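**Q** Sequence and predicted model, in that order:
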Amino acid sequence: MGAAGFICTGILLVFSFAVSSAGGEPVFNVVGFGARGNGIADDTKAFEAAWAAACSTSAPSVTMAVPPWRAFLVGPVQFRGPCAPQKITMLVLGAIVAPPAGAWKWSIGKADHWLMFYRVDGLRVTGNGVLDGNGQSWWIRRCTTSGCVRSAPTALMVEQCNNLELSGFTSKNSPQMHVAVLNSISVHVEHLTIIAPRDSPNTDGIHIGHCTDVHILNSNIGTGDDCVSISSGSRFVTVHGIVCGPGHGVSIGSLGKNGAVAAVEYIEVSNVHFFNTLYGARIKTWQGGEGYAKSISFTDIVFINVENPVLITQFYRASDVAVQGAVAINNITYSGLIGTSRQPTAVDFDCSTAGSCTEIHVNNMRITGPAGLSGTVARCQNVQGDTSGYVYPRIPCLT
């Protein structure tokens, strides 16, 4: 048994106590604070009480434990800091289940999130347990013949939490976004499993906004929207080793809605496999936006039956009003892209006449039709840049 096994065994041995220790670290067990874990009783107050105790203890490092082999019904809740310990872990070994849409718990909670951590530095959410957002009950209520209403909660929202780690757990069937990390510095996300049907609306896997120094690694994500989305205010973000499908790919944006000023830079996306997704490597900005998206690379990417493998659009949900501005897209590199496209157009660079798509570099790319039996083409307008190495399909507006 490795070190991790000994730690988990030690924690399991103290699960019968409200407050105990594993390896000298205080452990706050939600069952000891009154949680039933039968999937029926409301365990929200027990989780709040366990968090309050863990957050206020004087130890340098503490754990709030959610034990295995149980399902804890928890309504919308905020786990707020700052906390006294320098490091605080929520160890999720069982299942945490959201109440269905329309349940009375939602009438007294905030509708934009289910589980929220706010201003908790040194936070670690880990374990092999499950966050079950009960999204099916929301998707049915939100979608009609006229479209879907974007009013469901994000499953796990983390805001202003520096030195953050999210690892190991599974998030399934979120009402809307699965994981959203906002306004945080030094974020490490690894070995997550994120699951939702391909037709589930707006169920982005991991969303990053206004964050710096972010690493999203070695995770499996299949959803009804972006597997990873990176929005304005984000810089120095690495996405590596992701398996994406179904979903809408890895997206930079959308940026510049309603004329907003966007800023995204130093983004590295590498070793990503897209399977049967709607999009692959995508940058999307609203017509009329301002600011920039620059120094972005997509490297060693594999597309398998992807409908739109490579896309830049400056007309994302274009406004009804004619506007001239555009978010400047600069220094974008595509290198080592291979695979198959479901549609004839494998590369689509659709930029405005504002001259805002510059230094677009494509190096070594081969994207063919399904099973390599038919050819593909590239479409582009108002793009400045170059190609090198073997590039197929040929991109006519790049030298």
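**A** Done, it's in. Just so it is clear, the model here is predicted, and its values are computed rather than measured. Numbering: from 1, shown residues only.
**Q** list the contacts for K172?
**A** 130-133, 194-196 (Cβ atoms under 8 Å, 6 or more residues apart in numbering). (Each C-beta comes from the backbone N, C-alpha and C, glycine too.)
**Q** Would you confirm that R141 belongs to a helix?
**A** Yes: under DSSP: H, G, I helix; E, B strand; the rest coil, R141 sits within a helix.
**Q** how about it, what does it touch?
**A** The contact partners of R141, taken as Cβ under 8 Å, 6+ apart, are 101-102.
**Q** ditto for R70
**A** 31, 37-39, 94-95.
**Q** Give me the PyMOL select line for the contacts of K172, limited to the buried ones.
**A** Entered in PyMOL, the line below selects the buried ones among those, by 16 or more other Cβ atoms under 10 Å:
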select buried, resi 130+131+132+133+194+195+196
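**Q** ok, back up a step: could the contacts of R70 be laid out in TSV, adding neighbour count, distance to F79 and pLDDT?
**A** Compiled in TSV, the contacts of R70 are given as follows (neighbours: other Cβ atoms under 10 Å; distance: Cβ to Cβ, whole Å; pLDDT from 0 to 100):
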residue	neighbour count	distance to F79	pLDDT
V31	21	17	97
G37	21	18	97
N38	11	22	97
G39	13	21	95
G94	22	17	98
A95	21	18	98
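**Q** Apart from its neighbours in sequence, what residue is nearest P197?
**A** In space, and not counting its chain neighbours, P197 is closest to G224: 6.1 Å by Cβ to Cβ, 6 or more residues apart in numbering.
**Q** Restricted to helices, list the contacts of K172.
**A** Taking DSSP state H, every one of those sits outside helices.
**Q** from the contacts of K172, which is closest to A101?
**A** Set against A101, the nearest of the contacts of K172 by Cβ to Cβ is G133 (10.3 Å).
**Q** Isn't the closest one up against S174?
**A** Yes: counting by Cβ atoms under 8 Å, S174 is a contact partner of G133 at 3.9 Å.
**Q** between the two, what contacts are shared?
**A** 114, 155.
**Q** what's the helix or strand harbouring I267 packed up against?
**A** I267 is part of strand 261-275, with elements assigned from DSSP states H and E. Helices and strands touching strand 261-275, as assessed by 3 or more Cβ pairs under 8 Å, 6 or more residues apart in numbering; DSSP states H and E, comprise strand 234-240, strand 243-244, strand 250-255, strand 279-285, strand 290-306.
**Q** mind checking which of those strands is nearest I208?
**A** Between I208 and the helices and strands packed on strand 261-275, the tightest spacing by Cβ to Cβ is seen for strand 234-240, at 5.2 Å.
**Q** partners of the closest one in the sheet?
**A** As defined by DSSP bridges, the strand partners of strand 234-240 come to strand 212-217 (parallel), strand 261-275 (parallel).
**Q** what angle separates it from strand 250-255?
**A** Interaxial angle, strand 234-240 versus strand 250-255 (axes from the mean of the first three to the mean of the last three Cα atoms, to 10 degrees): 160 degrees.
**Q** Quick one: residues in contact with strand 234-240.
**A** Counting by Cβ under 8 Å, 6+ apart, residues outside strand 234-240 touching it are 208-218, 228, 230, 250, 263-272.
**Q** just checking, what packs against the helix ranked longest in the chain?
**A** Using DSSP H, we find that the single longest helix of the chain is helix 44-56. Contact analysis of helix 44-56 by 3+ Cβ pairs under 8 Å, 6+ apart lists strand 25-29, strand 61-66, strand 77-80 as its packing neighbours.
**Q** show me where pLDDT drops low in the stretch 101-250 of the chain?
**A** 108-110, 142-150 (pLDDT under 70).
**Q** Next, the contact list for G39, please.
**A** Neighbour list for G39: 70-73, 95, 97 [criterion: Cβ under 8 Å, 6+ apart].
**Q** ok, now with 10 Å
**A** Contacts here follow Cβ atoms under 10 Å, 6 or more residues apart in numbering; on that basis G39 touches 70-73, 95, 97, 132.
**Q** ok, T345 touching V306?
**A** No: in terms of Cβ atoms under 10 Å, T345 does not count as a neighbour of V306; the distance is 11.5 Å.
**Q** So those two - more neighbours on which side?
**A** Comparing T345 with V306 by other Cβ atoms under 10 Å, the one with more neighbours is V306, at 27 against 16.
**Q** hang on, the earlier thing: which of the helices and strands packed on strand 261-275 sits closest to A326?
**A** Among these, strand 279-285 comes nearest to A326, with 6.6 Å by Cβ to Cβ.
**Q** which strands and helices sit next to that closest one?
**A** When contacts are defined as 3 or more Cβ pairs under 10 Å, 6 or more residues apart in numbering; DSSP states H and E, strand 279-285 sits against strand 228-230, strand 250-255, strand 261-275, strand 290-306, strand 308-313, strand 328-341, strand 345-350, strand 357-368.
**Q** Including distance to T203, could those strands go into CSV?
**A** Below are these laid out as CSV (distance: least, Cβ to Cβ, whole Å):
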stretch, distance to T203
strand 228-230, 11
strand 250-255, 14
strand 261-275, 17
strand 290-306, 19
strand 308-313, 19
strand 328-341, 24
strand 345-350, 24
strand 357-368, 27
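**Q** circling back: sort out for me which of the contacts of R70 are in helices.
**A** Residues of those located in helices (DSSP H): none.
**Q** Of all the strands paired with strand 234-240, which one is nearest V120?
**A** strand 212-217 (16.8 Å).
**Q** Tell me which residues are up against the very next helix or strand once past the closest one.
**A** Counting by DSSP H and E, the next helix or strand C-terminal to strand 212-217 is strand 220-222. Outside strand 220-222, the residues that touch it by Cβ under 10 Å, 6+ apart are 170-171, 178-179, 191-198, 203-206, 227-228, 241-247, 250, 272-273, 275-277.
**Q** Select only the buried ones of those residues in PyMOL?
**A** In PyMOL, this line selects whichever of the contacts of strand 220-222 come out buried by 16+ other Cβ under 10 Å:
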select buried, resi 170+171+178+179+192+193+194+195+196+198+203+204+205+206+227+228+241+242+243+244+245+246+247+250+272+273+275+276+277
